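K.L.:
From the sequence below, what's the structure:
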Amino acid sequence: MGFGEADAPPSVVKSFIDMPTAHLWSRNAGEILVGEDPVEIAGLWQKLYEGTFWPGRRGLGMHAISAIDIALHDLAGKQLGLPAYKLMGGARRTKLRPYCTIYPGLAQGRSIDDLMAEIFRQFDMALEAGFRAVKMEVLFYDLVTDLELIRRIGEGRKALGEDILLAIDFGYRWHNWHDALFVLERIADHNIFFAEAALQHDDLAGHARLAERSAIRICGAEAAATRFEIREWLTVGKVGVVQPNIGRGGGLTEIRRIADLCEIMGAEVVPHGWKTGITSAVGRHFQAASPAAPVFEYVSPHVFDSPLRRELVSPEPAVVDGYMDLPTGPGLGIALNEELVARWRADC
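P.N.:
Numbers count the residues shown, from 1 in each chain. Next up, the predicted model:
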């Protein structure tokens, strides 16, 4: 059995997978897969893409294909006794570099001082857990002005010190690239690794103007799918970092193609990875096989208190002085907590 995960509504993804065959371009996923060799992952990806082209292609259809593709990597790796990254071409680095996402939650009646106190608490927990790279989520919205936001990011850098890699997630704060640039220019001396979700997601023209003027790497494409959309982000949006979710953008097969595209075009890929331990494991194998991925997002169960993240799969790799070892187990190298699944299962 192979495990996969899609970052999408389960009932809707299940409906897509279960839909009966209607015609050549709208086929049932099970009919496409049953009897096939799971080792032929890229070939199966193409059959799924073409066989569900009419109702799929992007959106929930691609989310479903993503989960299936991840599960095929897990299954094929288990059958061959190989880690999934070896099915993607093998290790392109000797160790992994995760960054820990620091998320205090939305305000919900709390003050900005309350949110910053929670950020500082999570900073301490991340550093204690071994991380040397973090992303500070500043989804403060109307709680702060842009000038106040600049000051709070400075406080974050001061709390971490200069030796810790710091990225910032703005949560799609601005509708105009001028406003985003105003802030980015004033935090550039804080050594910010990248700026995520500064503008509205589909404003590719605004991203291009911002990227041309900012000294900080500009990210985009968090909700994009397939190499075809990512190509638009690189050629039209001009971003330096693309962030498609592996569980939404096409699975490990497609994110590997996206990484190759980024390597050719001088860009980097740092996938969105906020989900369970399945997605965390997928991120480890992706970075192992991808030189264009300088870091990868990691939701640490030592920092983010979620039973689903903490207990769904094991083992949990150690972070030592900012790095993880390459995965060694077959497939994704994880075991599912069947008792937790039985306890929390919700049939769609």
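K.L.:
What is the burial count for the closest residue in space to Glu148 that isn't next to it in sequence?
P.N.:
Nearest residue to Glu148, sequence neighbours excluded (CB to CB, 6 or more residues apart in numbering): Ile112, at 7.2 Å. C-beta here means a position set from N, CA and C on the backbone, and glycine is covered the same way. By the other CB atoms under 10 Å criterion, the neighbourhood of Ile112 contains 15 residues.
K.L.:
so Ile112 touches Arg151, yeah?
P.N.:
No - using CB atoms under 8 Å, Ile112 is not in contact with Arg151, being 10.0 Å away.
K.L.:
What is the neighbour count of Gly171?
P.N.:
Around Gly171 sit 15 other residues, with neighbours defined as other CB under 10 Å.
K.L.:
Let's verify the residue nearest the centre of the chain: helix, strand, or coil?
P.N.:
In the chain, the residue lying closest to the centroid (CA atoms, centre = their mean) is His272, at 1.8 Å. The three-state label given to His272 by DSSP: H, G, I helix; E, B strand; the rest coil is coil.
K.L.:
Spit out the contact partners of it.
P.N.:
By CB atoms under 8 Å, 6 or more residues apart in numbering, the contact set of His272 is Asp7, Glu222, Gln243, Pro244, Asn245, Arg248, Glu297.
K.L.:
three-state assignment of Lys135?
P.N.:
The assignment at Lys135 comes out as strand when based on three-state DSSP.
K.L.:
Looking at strand pairing, list the partners for it.
P.N.:
Note on Lys135: beta-bridge partners Thr101, Ala167, judged by DSSP bridges.
K.L.:
wait, it sits on Pro98?
P.N.:
No - in this structure, Lys135 sits apart from Pro98 without contact. The criterion is CB under 8 Å, and the distance is 10.5 Å.
K.L.:
Pull up the overlap in contacts between those two.
P.N.:
Here Lys135 and Pro98 share the contacting residues Glu297, scored by CB under 8 Å, 6+ apart.
K.L.:
outside of the helix or strand Glu263 falls within, which residues touch it?
P.N.:
Here Glu263, judged by DSSP states H and E, is contained in helix 251-265. Residues from elsewhere that reach helix 251-265 (CB under 8 Å, 6+ apart): 4, 41-42, 45, 65-70, 73, 84, 88-89, 225-227, 230-231, 234, 242, 244, 246, 249-250, 268-269, 271, 282, 285-286, 289-293.
K.L.:
For PyMOL, write the selection for the buried entries among those residues.
P.N.:
A single PyMOL command suffices to select whichever of the contacts of helix 251-265 are buried according to 16 or more other CB atoms under 10 Å:
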select buried, resi 4+41+45+65+66+67+68+69+70+73+84+88+225+226+227+230+234+242+244+246+249+250+268+269+271+282+285+286+289+290+292+293
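K.L.:
Please enumerate the helices of the stretch 51-200 of the chain.
P.N.:
Defined through DSSP state H, counting those that start in this stretch, the helices belonging to the stretch 51-200 of the chain, from first to last, are 59-80, 84-87, 112-128, 146-160, 177-187.
K.L.:
show me where pLDDT drops low in the stretch 1-150 of the chain?
P.N.:
Filtered on pLDDT under 70, the stretch 1-150 of the chain yields no residues whatsoever.
K.L.:
who touches Pro38 in this structure?
P.N.:
Shown in contact with Pro38 (CB under 8 Å, 6+ apart): Gly2, Leu44, Leu72, Leu75, Ala76, Gln79.
K.L.:
From Ala159, how far off is Phe131?
P.N.:
Per CB to CB, to the nearest Å, Phe131 is found 14 Å from Ala159.
K.L.:
who has more neighbours, those two?
P.N.:
Under the neighbour definition other CB under 10 Å, Phe131 and Ala159 were set side by side, and Phe131 has more, 25 against 15.
K.L.:
Neighbours of the residue nearest to that one when sequence neighbours are not counted, how many?
P.N.:
Counting by CB to CB, 6+ apart, the nearest residue to Phe131 once its immediate chain neighbours are dropped is Cys100, at 4.2 Å. Around Cys100 there are 26 other residues, counting by other CB under 10 Å.
K.L.:
show me what contacts Cys100?
P.N.:
Shown here is Cys100, whose contacts under the criterion CB under 8 Å, 6+ apart are Gln122, Ala126, Ala129, Phe131, Ala133, Val134, Lys135, Tyr298, Val299, Ser300, Val303.
K.L.:
same thing but 10 Å
P.N.:
122-123, 125-127, 129-135, 297-300, 302-304, 319, 322 (CB atoms under 10 Å, 6 or more residues apart in numbering).
K.L.:
now those: which count as buried?
P.N.:
Neighbour counting by 16+ other CB under 10 Å classes 122-123, 125-127, 130-135, 297-300, 302-304, 319, 322 among these as buried.
K.L.:
which other helices and strands contact the helix or strand hosting Ala205?
P.N.:
Under the assignment given by DSSP H and E, the secondary-structure element containing Ala205 is helix 204-213. Applying 3 or more CB pairs under 10 Å, 6 or more residues apart in numbering; DSSP states H and E, we find helix 204-213 packed against helix 177-187, strand 217-220, helix 226-235.
K.L.:
Cool, thanks, signing off.
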